[in-house]
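> have a look; sequence and predicted model below, questions after that.
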Amino acid sequence: MVPEALLDFLRDHDSFLLIGHQEPDADCLGSQLALGSYLARQGKTVKQYNHGPFKRAEINSYQVGFSPRIDPLDKVSRPGVIVLDCSSVDRIGDLQHDLSGLLVAVIDHHASSLGFGDVRWIEPQRPSTTWMVHHLIVAQGGVPNLEEASWLMLGLATDTGFFRHVEAGKPDAFEAAAELAKAGASAKAVYQQINGGKQLANQKLMGLILSRTESLFDGRVLYSWEDQSDRPRFGAENRESDMIYQTLQGVAGVELIILLRQDTATTVTAGLRSRAIVDVGALALKFGGGGHVRASGFSCEGLLSDVKTRLLAEVAALIGPA
């Protein structure tokens, strides 16, 4: 399951630089933290990097342990680079400019047609990158300690929507959760970490976005949006995207949910979720993004109205006209 080339990569280096994608989530940081801790326990030197920003409440406290750029001095020992939870070089932001002369291994569960990385372990059918890191640790004869198991459980729970998105006949997420629980991870504590500590301003922003929701294509598509002025208006740091998706997925007849955000005057970010028909990972690839079959996203140049028009034209080709 774990490529021998990756195991060789870990054996051949005494020091590692671990990198995750921009705007990290708990699966990204959980993968970095757990793997970094395990490698350190094996006597390896580890440094952590992430371009950020760290917008999610459940991972904000970890930001202090990550650097946004690689210092040239950190490259003197020719460390191995491990990129986690993304397989496209542009997703690591400015850190992509710091990799010259270094060998790179990529571990990811997102589909990608790109060939970034000297060693690649890509398994889109897996529930999370933390699932893969857990199996990497086991493949080396190891067992995660309590802290590592908690980070791995956090990422696994995040990417499966606390197991709400696990399809029939796919027990691997539950099997991993059981093993992590045996190692001391608490599902209760993870749930509180994900869902507790919310800011009222963020909840008010969520209410605004929900109030803007449009029903399109005979109710099969729900669309909403966020403008640049919305967060300053409420003093919100972030929107509660997961709760918005969860709420809208409960609407009868919905197949696809689209959330657009005008990040800057010229760039838009999209979040996509589907129920059973639309492969939103493939849809996001058409706009330079990617992700899972049922959960994906992208960022592109443009204005909300233009990106909405282009995106809905692609959606019409997939699910038929309204």
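Now that the structure is in, tell me what you want to look at.

> contacts and neighbour counts: CA atoms only from here.
Noted.

> what helices or strands is the host helix or strand of Thr130 leaning on?
Per DSSP states H and E: Thr130 is located in helix 129-139. The contact analysis (3 or more Cα pairs under 8 Å, 6 or more residues apart in numbering; DSSP states H and E) places helix 129-139 against helix 26-41, strand 104-108, helix 146-159, helix 172-182.

> burial of Asp172, as a residue count?
13 (other Cα atoms under 10 Å).

> quick one on the thing from earlier: orientation of the helix holding Thr130 relative to helix 172-182 in degrees?
Relative orientation of helix 129-139 versus helix 172-182 (axes from the mean of the first three to the mean of the last three Cα atoms, to 10 degrees): 60 degrees.

> and the angle for helix 129-139 with helix 146-159?
With the same axes, to 10 degrees defining the directions, helix 129-139 sits at 140 degrees from helix 146-159.

> quick one, which of the helices and strands packed on helix 129-139 is nearest to Trp225?
Nearest of the helices and strands packed on helix 129-139 to Trp225, taken as Cα to Cα: helix 146-159 at 22.8 Å.

> show me what counts as buried in the closest one.
Buried residues in helix 146-159, counted by 16 or more other Cα atoms under 10 Å: 146, 148-159.

> any idea of the mean pLDDT for it?
Across helix 146-159, pLDDT averages out at 97.

> swap in stretch 207-220?
Averaged over stretch 207-220, pLDDT sits at 96.

> who touches it?
For stretch 207-220, contacts defined as Cα atoms under 8 Å, 6 or more residues apart in numbering pick out 221-226, 244, 253-256, 321-322.

> what does stretch 315-322 give?
By Cα under 8 Å, 6+ apart, the list of residues contacting stretch 315-322 reads Leu216, Phe217, Asp218, Val278.

> quick one: which of those is nearest Ala201?
Closest to Ala201, out of all of those and judged by Cα to Cα, is Leu216, at 28.4 Å.

> please name the bridge partners of that closest one.
Per DSSP bridges, the residues bridged to Leu216 are Val221.

> distance from the chain centre to stretch 165-183, please.
Distance, stretch centre to chain centre, for stretch 165-183: 19 Å (Cα atoms, centre = their mean, to the nearest Å).

> wait, stretch 93-101
Counting by Cα atoms, centre = their mean, stretch 93-101 is centred 20 Å from the centre of its parent chain.

> and what of stretch 250-262?
In this view, stretch 250-262 has its centroid 19 Å away from the chain centroid, taken as Cα atoms, centre = their mean.

> then stretch 107-117?
Remark: stretch 107-117 is offset 13 Å from the chain centroid, using Cα atoms, centre = their mean.

> check which residues of that stretch are buried.
Ile107, Asp108, His109, His110, Ala111, Ser112, Phe116, Gly117.

> any chance of those in CSV, with pLDDT too?
Shown next, in CSV, are these (pLDDT from 0 to 100):
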residue, pLDDT
Ile107, 97
Asp108, 96
His109, 93
His110, 85
Ala111, 73
Ser112, 66
Phe116, 91
Gly117, 94
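
> name the helices or strands packed onto the lowest-mean-pLDDT helix or strand in the chain?
One helix or strand of the chain scores below all others by mean pLDDT, DSSP states H and E: strand 290-291, with a mean of 78. Helices and strands touching strand 290-291, by 3+ Cα pairs under 8 Å, 6+ apart, are helix 280-285, strand 295-301.

> many thanks, we can stop here.
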